[in-house]
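Engineer: I need the structure of the sequence given here:
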Amino acid sequence: MPKIQEPEIKKPSRPASSGKSPQLLKGFRDILPPDQPYWRFVRKTAESFATGYGFEEIGLPILEETNLFVRSIGKQTDIVEKEMFSFVDKNDGNVSLRPEFTASVARSYINHGMINLPQPVKLYYFGPAFRREKPQGGRQRQFHQFGLEVIGDSSPILDAQLIAIAYNFFSQINLPDVSVQVNSIGSPESRKVYKQELVNYYRAKRKILCEDCKKRLTKNPLRLLDCKVESCQSLKAEAPQIVDWLDEESKDHFMKVIGYLDEIDIPYVLNPYLVRGLDYYTKTVFEIWPAEADSGSQSALLGGGRYDGLIEYLGGRPTPAAGFSAGVERIISYLKEKATAIPPEPLAKIFLAQIGDQAKVKALALFEQMRRENISVAENFTKDSLKSQLEIANKLKIRYVLILGQKEVVDGTVLIRDMESGIQEIIDFNKTVTEMKKKLANN
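Structural biologist: Numbering: from 1, shown residues only. Below you'll find the predicted structure:
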């Protein structure tokens, strides 16, 4: 009888390995578990501060029309010219990952008719933003910001309150050693005259300027004062100061702002060269630096100011506004640099150990019951050895270990071991939650 040949079954082919594992993109990073306590600490404090001052959270899309940022931030700013992640979407035209939040907040205020709400509208946000710039200390291409915005009131007391909130926030996270830098850049009209004076001064020193500043002479003169290149920094001391060109309204507004700061004992430095880098700012501008930072540093922890014309410029009614944003990565980096202690996170005081398959089932049910009762419990159900489970409990500094073995399953009991005293007791399985609540309350 002829042998029947079985058909050959081909195994699915796997793509050939390139020999190199995937790597992070330049300017992006993972936030690993050891860093997460810092992130939770900063976020919780920021949210507590915001809600305590009457701000409500707003969630904003990461992707927006490119034109929103071009119009609000300024076509000739560094952000728009070379730092945005922009692309053409098939249906929505030119879109960009948000490089900052204020423009999106202004757009949302207009879209949702927030002008009809009681004014001012007070909003806060926390989330990632993106800039395709060279990664630097505390600023990657994906970075995170926390910010407050107050829309619908022009009173200088709001400027002062925002500065006070920012200063008090750093005290709250145990970073009181910061420097508050304040200035006024006046109205758009007064800035026109000042910009011409600035151009006249720098044009005479054009040979010394960096290549970017040579372009700024015609495109964005105010950014000449914000340049971090050493040769350009040296020219700043003799440059015209914007305070000498303020219109009367801006001057009066600024004097009231610093008057309020004096009254509430907020320390500050009058910095005539502080301009901020975005076109929408008017009148008050401010930044918070590490106390040891100099004017040429790129380590500002927080920045903000007033932007009275932005809502109208984007198509809304004339609406004054002010706000600030803080760089979360820079704040965390500064916390670490200063070796600042952050509050310890609550740890589980109970460990649930089990021996055998039947005990695993009972332990799993008990774990879920305790979790529903908001009792924090640690476990490692993949371990079979009691010794290895107790070693884990010791490393976690657990006070009480609940032990379920074959005998306990049959008897309907649980063995409680006090890891401090070594005392053990047996209780009814059904009374475990009640008993552990008592023990935790007593300790």
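Engineer: going forward, measure contacts and count neighbours with C-alpha atoms only.
Structural biologist: Noted.
Engineer: What's opposite Ser184 in the beta bridge?
Structural biologist: Here Ser184 sits in beta bridges with Thr284, going by DSSP bridges.
Engineer: That one contacts Val243, correct?
Structural biologist: Yes: applying C-alpha atoms under 8 Å as the test, Ser184 and Val243 come out as touching, 6.8 Å apart.
Engineer: hey, what's in contact with both of the two?
Structural biologist: 251, 272 (C-alpha atoms under 8 Å, 6 or more residues apart in numbering).
Engineer: Of those two, which one has the most company?
Structural biologist: Ser184 (28 against 18; other C-alpha atoms under 10 Å).
Engineer: Let me know the pLDDT of that one.
Structural biologist: Looking at Ser184, its pLDDT stands at 95.
Engineer: and it, what does it touch?
Structural biologist: Residues near Ser184 by C-alpha under 8 Å, 6+ apart: 242-243, 250-251, 254, 272, 275, 282-285.
Engineer: try Val243
Structural biologist: Val243 neighbours (C-alpha under 8 Å, 6+ apart): 183-185, 251, 272.
Engineer: Could you work out the most separated pair of the residues you listed?
Structural biologist: Lys251 and Pro272 (12.9 Å; C-alpha to C-alpha).
Engineer: Inside strands: which ones of the contacts of Ser184?
Structural biologist: Of the contacts of Ser184, the ones assigned to strands by DSSP state E are 282-285.
Engineer: Redo these as JSON lines? Include neighbour count.
Structural biologist: Below are those laid out as JSON lines (neighbours: other C-alpha atoms under 10 Å):
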{"residue": "Thr282", "neighbour count": "24"}
{"residue": "Lys283", "neighbour count": "25"}
{"residue": "Thr284", "neighbour count": "26"}
{"residue": "Val285", "neighbour count": "27"}
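Engineer: closest to Ala129 among those?
Structural biologist: Ala129 has its nearest neighbour among the ones in strands among the contacts of Ser184 in Val285, at 21.3 Å by C-alpha to C-alpha.
Engineer: Is the closest one in contact with Gly305, as I believe?
Structural biologist: Yes: between Val285 and Gly305 there is a contact under C-alpha under 8 Å: 4.0 Å.
Engineer: Can you pull out the low-pLDDT segments for this protein?
Structural biologist: Applying pLDDT under 70 to the chain flags the ranges 1-19, 76, 78, 137-138, 277, 294-298.
Engineer: Would you point out the most distant pair within the contacts of Ser184?
Structural biologist: Lys251 and Val275 (15.4 Å).
Engineer: that's a helix at Glu287, yeah?
Structural biologist: No: counting by DSSP: H, G, I helix; E, B strand; the rest coil, Glu287 is not found in a helix; it is strand.
Engineer: Pull the contacting residues for it.
Structural biologist: Counted by C-alpha under 8 Å, 6+ apart, Glu287 has contacts 180-182, 300-304.
Engineer: Could you list which of these belong to strands?
Structural biologist: 180-182, 302-304.
Engineer: now, which of those sits nearest Arg107?
Structural biologist: Of the ones in strands among the contacts of Glu287, the one sitting nearest to Arg107 (C-alpha to C-alpha) turns out to be Gly304, at 17.9 Å.
Engineer: ok, the closest one - how many residues close by?
Structural biologist: Neighbours around Gly304, by other C-alpha under 10 Å: 26.
Engineer: Give me the three-state assignment for the closest residue to it other than its chain neighbours.
Structural biologist: Once flanking residues are discounted, Gly304 sits nearest to Phe324: 3.8 Å by C-alpha to C-alpha, 6 or more residues apart in numbering. Put simply, Phe324 is strand when judged by three-state DSSP.
Engineer: do the one 5 residues further on as well
Structural biologist: Under three-state DSSP, the three-state class of Glu329 is helix.
Engineer: My guess is it contacts His144. True?
Structural biologist: Yes: here Glu329 reaches His144: they are 6.7 Å apart, a contact under C-alpha under 8 Å.
Engineer: Which residue ranges make up each domain of the chain?
Structural biologist: In the assignment given by automatic domain parsing, the structural domains of the chain cover 33-187+247-337, 190-237, 350-442.
Engineer: Return the residues in contact with Cys232.
Structural biologist: Counted by C-alpha under 8 Å, 6+ apart, Cys232 has contacts 208-210, 213, 224.
Engineer: isn't there a strand covering it?
Structural biologist: No: read with three-state DSSP, Cys232 is helix and lies in no strand.
Engineer: picking up where we left off before, count of neighbours near the residue nearest to Gly304?
Structural biologist: The tally of other residues near Phe324 (other C-alpha under 10 Å) stands at 25.
Engineer: and what of Phe130?
Structural biologist: Neighbours of Phe130 (other C-alpha under 10 Å): 22.
Engineer: for it, what are its contacts?
Structural biologist: Per C-alpha under 8 Å, 6+ apart, neighbours of Phe130: 84-85, 97-100, 141-143.
Engineer: Kindly recompute the last result at 7 Å.
Structural biologist: 97-99, 141-143 (C-alpha atoms under 7 Å, 6 or more residues apart in numbering).
Engineer: among the domains of the chain, which is nearest Leu25?
Structural biologist: Among those, the nearest to Leu25 by C-alpha to C-alpha is domain 33-187+247-337 (9.4 Å).
Engineer: Return the distance of that closest one from the chain's centre.
Structural biologist: Offset of domain 33-187+247-337 from its chain centre (C-alpha atoms, centre = their mean, to the nearest Å): 11 Å.
Engineer: Do me a favour and get the end-to-end distance for that domain?
Structural biologist: Length of domain 33-187+247-337, first residue to last, C-alpha to C-alpha, to the nearest Å: 19 Å.
Engineer: hmm, back to that, wait, isn't the residue nearest to Gly304 in contact with Gly305?
Structural biologist: Yes: judged on C-alpha atoms under 7 Å, Phe324 makes contact with Gly305 at a distance of 6.3 Å.
Engineer: all helices of the stretch 51-200 of the chain, in order?
Structural biologist: Taking DSSP state H, counting those that start in this stretch, the helices of the stretch 51-200 of the chain run over residues 66-73, 78, 102-111, 156-172, 188-203.
Engineer: can the ones you listed go into TSV with extra columns for distance to Leu364 and mean neighbour count?
Structural biologist: Below are the helices of the stretch 51-200 of the chain laid out as TSV (distance: least, C-alpha to C-alpha, whole Å; neighbours: other C-alpha atoms under 10 Å):
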stretch	distance to Leu364	mean neighbour count
helix 66-73	51	20
helix 78	56	18
helix 102-111	46	20
helix 156-172	40	20
helix 188-203	66	17
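Engineer: closest to Ile392 out of these?
Structural biologist: helix 156-172 (34.5 Å).
Engineer: got the contact list for that closest one?
Structural biologist: 176, 253, 256-257, 260-261, 266, 322-323.
Engineer: Scan the contacts of Val243 and report the most crowded one.
Structural biologist: Top of those by neighbour count (other C-alpha under 10 Å): Ile185, with 30 neighbours.
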